[in-house]
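> model the structure of this input:
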Amino acid sequence: MDVKILGAPMDLGASRRGTDMGPSALRVARLGPRLEKLGHTVEDLGNVYSPTVETKTAKNTSLLYLDEIIAVCETLGRRVEKVVQGGSIPLVLGGDHSIAMGTMAGIARATGGDRTGILWIDAHTDFNTKETSETGNIHGMPLSAICGIGDDRLTGIGKINPKARPENVVLVGIRDVDKEEANLVRKAGVTVFTMREIDERGLRNVMEDALDAATSRAERLHVSFDVDSVDPRYAPGVGTPVPGGLTYREAHLVMEMISENPKFRSMDIVEVNPLLDVQNQTAELAVGLAASAFGKRIL
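Model (predicted):
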């Protein structure tokens with residue numbers, strides 16, 4: 001594969017500082033060299049610009065740092081669009097999860113619309129809107145915006161709406177959802193596999209169904225991986241940790257099964273927070289999981 005790494009060092013969408021250092025932590029963990037070792041051609045395109053919180057004042061309490069987040073996502077979208085048009089695979093390093101709106105804007109523009117299935121691996125559904133959010137933090141809203149639900153300024157990023165059809169969107173690892181957000185998820189018709197279903201059915205069965213749901217009606221697969229999907233015992237460096245997540249081996253199985261899907265063509269890794277980490281443990285884990293998604297095997 002020809003992989004292009006793009007950093008989006010933004011933490012404006014979250015209430016806890018630190019995810020702006022996520023791309024650096026992932027690079028320190030030798031993301032590029034580890035993918036090259038698998039035989040891929042890898043080019044690091046650097047970072048898109050994101051302002052720091054200290055230089056800005058939130059003007060809208062229901063959509064905190066809205067203008068700044070839109071600007072970053074628009075820039076990221078243009079960069080991702082060029083990568084996809086060139087036939088390469090974008091690997092975008094967050095930053096908080098709001099950067100996924102930019103990634104998907106670029107993919108949708110390059111591919112001519114809502115033809116991409118999404119596998120959203122996360123402890124949270126990220127399906128709030130300004131009306132349902134208790135915090136106004138936009139990192140809790142990107143998936144609804146990608147599906148065309150919510151404030152027009154978020155859904156309109158990249159001037160393409162929706163960026164994915166809800167029926168082609170699948171969430172895995174969910175275990176923390178706001179009440180009103182849950183109602184939106186059900187109404188939208190996205191497919192959700194909670195941790196209970198993983199416990200009851202086993203991860204392999206869940207992933208087989210998840211990949212089928214995300215790709216059966218889509219031309220390509222995008223994976224948006226929030227490291228808080230993994231249990232905090234293995235991934236302590238996240239802003240919104242929730243106990244009871246994926247184990248180390250379950251997380252690798254998720255990625256190994258993704259790598260075997262021929263429609264896998266893009267990926268986000270988000271919410272690595274070095275300020276809350278222990279000796280870069282979470283970034284090291286995330287890089288290992290990325291390697292599994294790009295073909296690394298035990299034997």
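> neighbouring contacts of stretch 169-181?
Under the contact criterion C-beta atoms under 8 Å, 6 or more residues apart in numbering, stretch 169-181 has outside partners 117-125, 127-128, 131-134, 140, 143, 146-147, 185, 190-195, 198, 206-207, 210-211, 213-214, 229, 240, 242, 244-246, 254. C-beta: built from backbone N, CA, C; applies to glycine.
> one more pass at 7 Å, please.
Stretch 169-181 has contacts (C-beta atoms under 7 Å, 6 or more residues apart in numbering) with 118-125, 127-128, 132, 134, 143, 147, 190-195, 206, 210, 213-214, 229, 242, 244-246, 254.
> do stretch 4-12 as well
Contacts for stretch 4-12 (C-beta under 7 Å, 6+ apart): 17-23, 31-32, 42-48, 50, 53, 65, 68-69, 72, 76, 79-80, 83, 88-96, 99, 102.
> ok so, going back, the contacts of stretch 169-181 in helices, which ones?
Leu143, Met195, Val206, Ala210, Ala213, Ala214, Val254 (DSSP state H).
> which one of those residues is nearest Ser292?
Comparing the ones in helices among the contacts of stretch 169-181 against Ser292 with C-beta to C-beta places Val254 closest, at 8.3 Å.
> ok, that closest one - contacts?
Ile121, Val172, Leu203, Met207, Leu246.
> if you set the cut-off to 8 Å instead, what comes out?
Ile121, Val172, Leu203, Met207, Leu246, Leu289.
> now these: which count as buried?
Ile121, Val172, Leu203, Met207, Leu246, Leu289 (16 or more other C-beta atoms under 10 Å).
> looking at those residues, spot the one nearest Pro262.
Nearest to Pro262 among these, with distances taken as C-beta to C-beta, is Met207, at 15.4 Å.
> quick one: pLDDT of the nearest residue in space to that closest one that is not next to it in sequence?
Leaving aside its chain neighbours, Met207 sits nearest to Met257 (4.8 Å; criterion: C-beta to C-beta, 6 or more residues apart in numbering). pLDDT recorded at Met257 is 98.
> surely Met257 meets Leu211?
Yes. At 6.6 Å, Met257 counts as touching Leu211 under the criterion of C-beta atoms under 8 Å.
> is it correct that Ala58 is in contact with Tyr65?
Yes. The criterion here is C-beta under 8 Å, and Ala58 meets it with Tyr65 at 5.4 Å.
> the more surrounded of these two?
Tyr65 (25 against 14; other C-beta atoms under 10 Å).
> so the closest residue to that one other than its chain neighbours is in which element?
Closest residue to Tyr65 apart from its sequence neighbours, by C-beta to C-beta, 6+ apart: Leu12 at 4.0 Å. When elements are assigned from DSSP states H and E, Leu12 belongs to no helix and no strand.
> Leu12 and Ile269: what is the separation?
18 Å (C-beta to C-beta, to the nearest Å).
> Val206 - how many residues pack around it?
23.
> list the contacts of Asn273.
Arg16, Gly18, Thr19, Met21, Gly22, Gly237, Val238, Gly239, Thr282.
> pLDDT value on it, please?
The model's pLDDT for Asn273 equals 98.
> do Val3 as well
The model's pLDDT for Val3 equals 98.
> same deal with the one 3 residues further on?
On the pLDDT scale, Leu6 is placed at 98.
> surely it is within a helix?
No. Counting by DSSP: H, G, I helix; E, B strand; the rest coil, Leu6 is not part of a helix but strand.
> roughly how far does it sit from Lys296?
Applying C-beta to C-beta to Leu6 and Lys296 gives a distance of 21 Å.
> which ones among the contacts of Asn273 are found in helices?
Judged by DSSP H, the contacts of Asn273 include Gly22, Thr282 as members of helices.
> what's the farthest-apart pair in the contacts of Asn273?
Of all pairs in those, the most separated under C-beta to C-beta is Arg16 and Thr282 at 13.8 Å.
> between these two, which one's more packed in?
Neighbour count, other C-beta under 10 Å: between Arg16 and Thr282, Thr282 has more, with 28 against 16.
> quick one: the more buried one and Pro232 touch, right?
No. Counting by C-beta under 8 Å, Thr282 does not reach Pro232; the two are 9.3 Å apart.
> nearest spatial neighbour of the residue positioned nearest the centre of the chain, chain-adjacent residues omitted?
Residue closest to the mean C-alpha point of the chain, counted by C-alpha atoms, centre = their mean, is Ser224 at 2.9 Å. Closest residue in space to Ser224, ignoring its immediate chain neighbours: Asp268 at 4.5 Å, by C-beta to C-beta, 6+ apart.
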